[in-house]
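K.L.:
the sequence isn't on hand, but the structure is:
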Ligand SMILES: [Zn+2]
């Protein structure tokens, strides 16, 4: 019994030591960026986003705003590549799943991965819609509707200001 207890104490003290080390190694102002830490530690801070995003991008992603139809950067954009979250860089949609919806916002029928685009019931503005947010950082992206083309029948209606396009090489 005593040996087991001793072993537990040793293990525990090692754990505490390990934690202490990682804290002292990292600078105080920056989030810990070790690859073995959780995803949350690599997310941009509010302060960083304030500095990096345009007023429009901030309004859309952080205040659930909507850009005016036919004004965004990507509604009429046809290059091959990947559309990422403008805040955290998570891949959201690929150009192969983009289609002409005619609504004035970039539209896709499928997300890169289901877990990368989170769906939330939205009852604002007197409507019942499904809001979509970034699966990693929670940035507001737009809405998803059931009037899309085959094979999914979905229409992911995005704000250009919520995304950053990365052309394929
Ligand atoms: Zn994100």
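P.N.:
Nice, I can see it. This structure is a prediction, so every number in the text was calculated from the model and none was measured.

K.L.:
list the contacts of the nearest residue to residue 133 once chain neighbours are set aside.
P.N.:
Counting by CB to CB, 6 or more residues apart in numbering, residue 133 lies nearest to residue 118, which is 4.9 Å off, once chain neighbours are set aside. Backbone N, C-alpha and C define where each C-beta goes, glycine included. Contacts here follow CB atoms under 8 Å, 6 or more residues apart in numbering; on that basis residue 118 touches 132-135, 138.

K.L.:
and for residue 82?
P.N.:
Going by CB under 8 Å, 6+ apart, the list of residues near residue 82 reads 91-95, 112, 165-166, 168.

K.L.:
identify the bridge partners of the residue most central in space within the chain.
P.N.:
In the chain, the centroid-proximal residue (CA atoms, centre = their mean) is residue 134; its distance is 3.0 Å. Taking DSSP bridges as the rule, residue 134 bridges to residue 117.

K.L.:
from memory it sits against residue 92, does it?
P.N.:
Yes: in this structure residue 134 lies within contact range of residue 92 using CB atoms under 8 Å: 7.1 Å.

K.L.:
next, the buried residues of stretch 115-133.
P.N.:
The neighbour-count check on stretch 115-133 (16 or more other CB atoms under 10 Å) flags 116-117, 129, 131-133 as buried.
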